[in-house]
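J.: heads up, no residue letters with this:
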């Protein structure tokens, strides 16, 4: 399970460039595409949903979209993550 992944520069978080831009092994992620899922929020203001969708498309991984989840932080209402728990349970 990947939550809001990205592999590009984020304009609002340049301090992450050294860890993400050109560093993520998309081919390795792609090798797990059959058993991997990506969770994205349609209104994430930290990692744009488009960046996550581009990552998913490049890796060939299915995307599970959550409406109005923000960046899945406590201030976005996430102190638990039932959708993630359900997706992980479905893999078993």
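T.: Happy to help now that I have it. Just so it is clear, the structure is predicted and the values come from calculations on it, not from any experiment.
J.: Quick check, pLDDT for residue 22.
T.: We have a pLDDT of 82 for residue 22.
J.: For my notes, confirm it occurs in a helix.
T.: No. Residue 22: not assigned to a helix; according to DSSP: H, G, I helix; E, B strand; the rest coil it is coil.
J.: any chance you could read off phi and psi for the residue nearest to residue 30 when sequence neighbours are not counted?
T.: Excluding the flanking residues, the one nearest residue 30 by CB to CB, 6 or more residues apart in numbering is residue 59, at 4.8 Å. C-beta here means a position set from N, CA and C on the backbone, and glycine is covered the same way. Dihedral angles of residue 59 (phi, psi; degrees, to the nearest 10) stand at phi -90, psi -10.
J.: gap between residue 59 and residue 88?
T.: Residue 59 is 18 Å from residue 88, where distance means CB to CB, to the nearest Å.
J.: Neighbour count for these two, which is higher?
T.: residue 59 (23 against 12; other CB atoms under 10 Å).
J.: I'd guessed that one sits against residue 33; true?
T.: Yes. If you go by CB atoms under 8 Å, residue 59 and residue 33 touch, sitting 6.1 Å apart.
J.: ok, now which ones touch the closest residue to residue 68 other than its chain neighbours?
T.: In space, and not counting its chain neighbours, residue 68 is closest to residue 43: 5.5 Å by CB to CB, 6+ apart. With contacts taken as CB atoms under 8 Å, 6 or more residues apart in numbering, residue 43 has the following neighbours: 49, 67-70.
J.: tell me the pLDDT at residue 43?
T.: With respect to pLDDT, residue 43 scores 97.
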